[in-house]
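[1] Just a sequence and a predicted model for now, questions to come.
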Amino acid sequence: SGDVVLSTYNPTHKGGELIKEGVNKLGATFIARRINDTPEEVISTIEMYNVNVLATVQGPIVEGDKTRKGGGVDFLSLVEAGQSTLENKVEKFFLTGYKLLPEVINWAEKFEKSLTTALGSSEALPQATSRSPPTAGLCKFNHMHLLNGPHFVEVVKLESGIVVPVKKGEEGILVYTTIGREGTLYIRYSPGDIAKIVSNEGDCKCGMTSQIITGVERADTPEDVITAGCCIG
């Protein structure tokens with residue numbers, strides 16, 4: 001409450017709308033990036049309105065990544081356009097879309113910035129989230145608590161022909177079941193990600209009790225990948 005939050009997420013996309021609703025429910029001030037604003041114009045907006053929270057996509061880990069999101073404005077492009085503004089004005093960063101880079105984590109720790117991320121897809125938002133030190137226990141940076149609200153999230157594997165949840169330390173396929181939505185209902189639907197369980201329920205001391213996952217990566221068959229989507233452009 002009382003924060004001034006700027007979001008660069010596409011306001012016509014489901015995730016962009018949910019971020020706006022969440023910020024408003026918290027009693028913070030929400031500012032949306034206009035879809036034609038350049039990184040330099042976003043930096044000017046941060047300075048003009050004394051923005052102290054930035055919600056944006058981190059940016060692709062691999063140059064030319066075909067899953068690139070955000071229409072060309074992301075955290076990495078904003079650093080290039082105005083790193084000093086981010087260091088001096090913004091206190092909290094919510095970066096999603098990709099695994100947090102070590103360089104980004106080191107930057108946040110060096111300048112004592114709050115840094116969190118979340119995992120989601122169009123079919124289920126959100127699926128998992130991290131918390132920022134010092135609030136976080138085991139769940140900081142790329143270690144995220146599963147979020148079971150309108151959907152139930154699991155990491156599973158095939159064992160003796162049966163799909164079963166993985167144990168702590170094991171890797172499997174991320175799936176979710178949801179009946180709390182309009183349209184198609186999902187039963188152990190996989191968006192195409194793999195993940196590892198690194199903490200059991202109740203292990204983390206942050207106050208959240210769900211399992212913690214990490215190492216989220218795509219597990220798609222290359223010929224099945226769609227190279228454009230609703231965030232492109």
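    Okay, I see it. Numbering: from 1, shown residues only.

[2] quick one: furthest residue from the center of this protein?
    Computed with Cα atoms, centre = their mean, the residue of the chain farthest from its C-alpha average is Ser160, at 33.7 Å.

[3] ok, which stretches of this protein are strands?
    4-7, 29-32, 53-57, 92-96, 114-116, 118-121, 124-129, 144-146, 151-159, 162-165, 171-178, 186-189, 193-199, 212-218 (DSSP state E).

[4] Chain neighbours aside, what residue packs nearest to Ser7?
    Spatial nearest neighbour of Ser7, chain neighbours left out: Ala55 (4.2 Å); criterion: Cβ to Cβ, 6 or more residues apart in numbering. All C-beta atoms are positioned from the backbone trio N, CA, C, and that covers glycine.

[5] so who does the one you found touch?
    Val5, Leu6, Ser7, Thr8, Tyr9, Ile19, Val23, Phe94 (Cβ atoms under 8 Å, 6 or more residues apart in numbering).

[6] Who does it form a beta bridge with?
    In this entry, Ala55 is beta-bridged to Ser7, Phe94, by DSSP bridges.

[7] pretty sure Lys168 is touching Val198, no?
    Yes - assessed by Cβ atoms under 8 Å, Lys168 is found in contact with Val198 at 7.0 Å.

[8] quick one: stretch 106-122 to chain centroid distance?
    Relative to its parent chain, stretch 106-122 has a centroid offset of 9 Å by Cα atoms, centre = their mean, to the nearest Å.

[9] For that stretch, measure first residue to last.
    30 Å (Cα to Cα, to the nearest Å).

[10] what's the average pLDDT for it?
    Stretch 106-122 comes out with an average pLDDT of 92.

[11] Can you list the neighbours in contact with it?
    The contact list for stretch 106-122, computed with Cβ under 8 Å, 6+ apart, reads 14-15, 58, 87, 90-96, 100, 104-105, 126-133, 141-142, 144, 191, 193, 213, 216, 230.

[12] Send me the lengthiest helix in the chain as PDB with only the CA atoms.
    Secondary structure of the chain per DSSP state H: the longest helix is helix 75-89. Written as PDB, here are the backbone C-alpha positions of helix 75-89 (Å, rounded to 0.1, in the frame of the first residue of the first chain):
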ATOM      1  CA  PHE A  75      14.300  -5.100 -17.700                       C
ATOM      2  CA  LEU A  76      17.500  -5.500 -19.700                       C
ATOM      3  CA  SER A  77      16.500  -2.900 -22.200                       C
ATOM      4  CA  LEU A  78      15.600  -0.500 -19.400                       C
ATOM      5  CA  VAL A  79      19.000  -1.000 -17.800                       C
ATOM      6  CA  GLU A  80      20.500   0.000 -21.000                       C
ATOM      7  CA  ALA A  81      18.300   3.100 -21.200                       C
ATOM      8  CA  GLY A  82      18.600   4.300 -17.600                       C
ATOM      9  CA  GLN A  83      20.500   2.100 -15.200                       C
ATOM     10  CA  SER A  84      21.100   5.000 -12.800                       C
ATOM     11  CA  THR A  85      17.400   5.700 -12.600                       C
ATOM     12  CA  LEU A  86      16.600   2.100 -11.700                       C
ATOM     13  CA  GLU A  87      19.400   2.100  -9.100                       C
ATOM     14  CA  ASN A  88      18.300   5.400  -7.500                       C
ATOM     15  CA  LYS A  89      14.500   5.400  -7.900                       C
END
